[in-house]
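Enquirer: Give me a 3D structure for the following:
(4 chains)
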There are 2 protein chains.
Amino acid sequence: MEKESKVKEIVKEKFTEYLIKNHHRRTPERYAILDIIYSDSRHFDMETLYQTMNDSNFRVSRATLYNTMQLLVKYKLVIQHQFGKNQSFYERAYNNDFHHHLICTSCGKVREDRDPTTKSLIENRKTRGFSATHYAVYIYGVCSSCQREQKKLLKEIKNQQKNK
Amino acid sequence: MEKESKVKEIVKEKFTEYLIKNHHRRTPERYAILDIIYSDSRHFDMETLYQTMNDSNFRVSRATLYNTMQLLVKYKLVIQHQFGKNQSFYERAYNNDFHHHLICTSCGKVREDRDPTTKSLIENRKTRGFSATHYAVYIYGVCSSCQREQKKLLKEIKNQQKNK
DNA sequence: ATGTATGCAAACCATTTGCAATGAC
DNA sequence: GTCATTGCAAATGGTTTGCATACAT
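Expert: Okay, the predicted model is just below:
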């Protein structure tokens, strides 16, 4: 808990630094958005963020959300993902351990999976003529609950054929 | 060259097998699309595929393209990517060595980078309650030509400030 | 005071969908 | 002959944009 609030302070400082350096204004909206994002370490989509913001005491327009997310991504305070649908997902970048993303192609849910080995492997891999800043690993498959669902369905089909 | 045409034959057979098994029709459009895709080993977007198809002697509608791509992805003959924009990219799945994707955040170009080590590491990693089918590694950064561009720009700015 | 950021609504654009016509089975 | 597939055009939905207003500097 205590550590979390410290993280919030640090990213807030970093954000301030970037905003000043790039001659952008330090608006309450921007800080409110950053705060909400760093109140949770999981990934989220825009609609969820929009709802969460407006359920909290801070009403923000979608336009401002998109605008601010672009800044945060550029400043590397937020990572942007696309898990196969034409929709962006985001997660905080600072103080967030590297993890693979296990994406269920059946229900669309995304699970995280920490993997320090792959992390260091990818990080230490140098590629001539390319200056890497960040990376992502997406593993597609079927999650356990969808596997159960599919087995059940298969069984039903077999039973139906038997009863013919 | 010879090997390539053999690959085409094999995927064609696989496609036929899947289509029959799933009671889908074997239309000339579907085979023409598969053929075009396996004429190139690089990734491509829908618009490019649409143009390529129509520049060749086979005119196909966008609807059919999207429809067929869904099938090919489902049958794992094609891999679908999203490199950060709300647009899908595709590449053939069969006989295509695993590679990382180096995505330039400046110009958007995507380069491939073979890496057998990471491949086996990810493949051998078992995750409880998740049955993985395929995976992708995206590395974001700045490509060499954009790095040069940026350095040049920086120099110009410095010179301008000097001349003031 | 100046001009950037916000909020709203309209525009955008890749993708999906509805439907009549076509053609694989 | 039947019904899945095609092609077209319209709809969808996440994201972007234009513009008047608000407010950080």
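Enquirer: Doesn't residue A:59 lie inside a strand?
Expert: No - counting by DSSP: H, G, I helix; E, B strand; the rest coil, residue A:59 is not found in a strand; it is coil.
Enquirer: and it, how many residues sit next to it?
Expert: For residue A:59, the neighbour count with other Cβ atoms under 10 Å in any protein chain shown is 11. Placement of C-beta: from N, CA and C, glycine included.
Enquirer: How is the closest residue to it other than its chain neighbours classified with respect to secondary structure?
Expert: Nearest residue to residue A:59 in three dimensions, chain neighbours excluded: residue A:53, at 7.2 Å (Cβ to Cβ, 6 or more residues apart in numbering or on different chains). Following three-state DSSP, the label given to residue A:53 is helix.
Enquirer: Distance-wise, check residue A:53 relative to residue A:130.
Expert: Distance of residue A:53 to residue A:130, given as Cβ to Cβ, to the nearest Å: 36 Å.
Enquirer: Would you tell me which residues of chain A are close to DNA strand C?
Expert: Contact residues (Cβ under 7 Å from any atom of the strand) of chain A with DNA strand C: A:23-25, A:27, A:29-30, A:59-64, A:67-68, A:86.
Enquirer: Those residues of chain A touching DNA strand D, which are they?
Expert: Counting by Cβ under 7 Å from any atom of the strand, the positions of chain A adjacent to DNA strand D are A:19, A:25-28, A:45-47, A:62-63, A:66-67, A:70, A:86-88.
Enquirer: Helices of chain A, start to end?
Expert: Per DSSP state H, chain A carries helices over the ranges A:2-21, A:28-37, A:46-55, A:62-74, A:116-124, A:144-162.
Enquirer: In chain A, where's the longest strand?
Expert: strand A:130-143 (DSSP state E).
Enquirer: Run me through the strand neighbours of that strand, direction for each.
Expert: Its sheet considered, strand A:130-143 pairs with strand A:99-104 (parallel), strand B:130-143 (antiparallel) by DSSP bridges.
Enquirer: out of the helices of chain A, deepest packed?
Expert: Neighbour counts (mean count of other Cβ atoms under 10 Å in any protein chain shown) averaged over each of the helices of chain A peak at helix A:28-37, with a mean of 18.
Enquirer: And the lowest-mean-pLDDT helix or strand in chain A, how far out from the chain middle?
Expert: The helix or strand with the lowest mean pLDDT-type score in chain A, counting by mean pLDDT, DSSP states H and E, is helix A:144-162 (a mean of 80). Mean-position distance between helix A:144-162 and its chain equals 33 Å (Cα atoms, centre = their mean, to the nearest Å).
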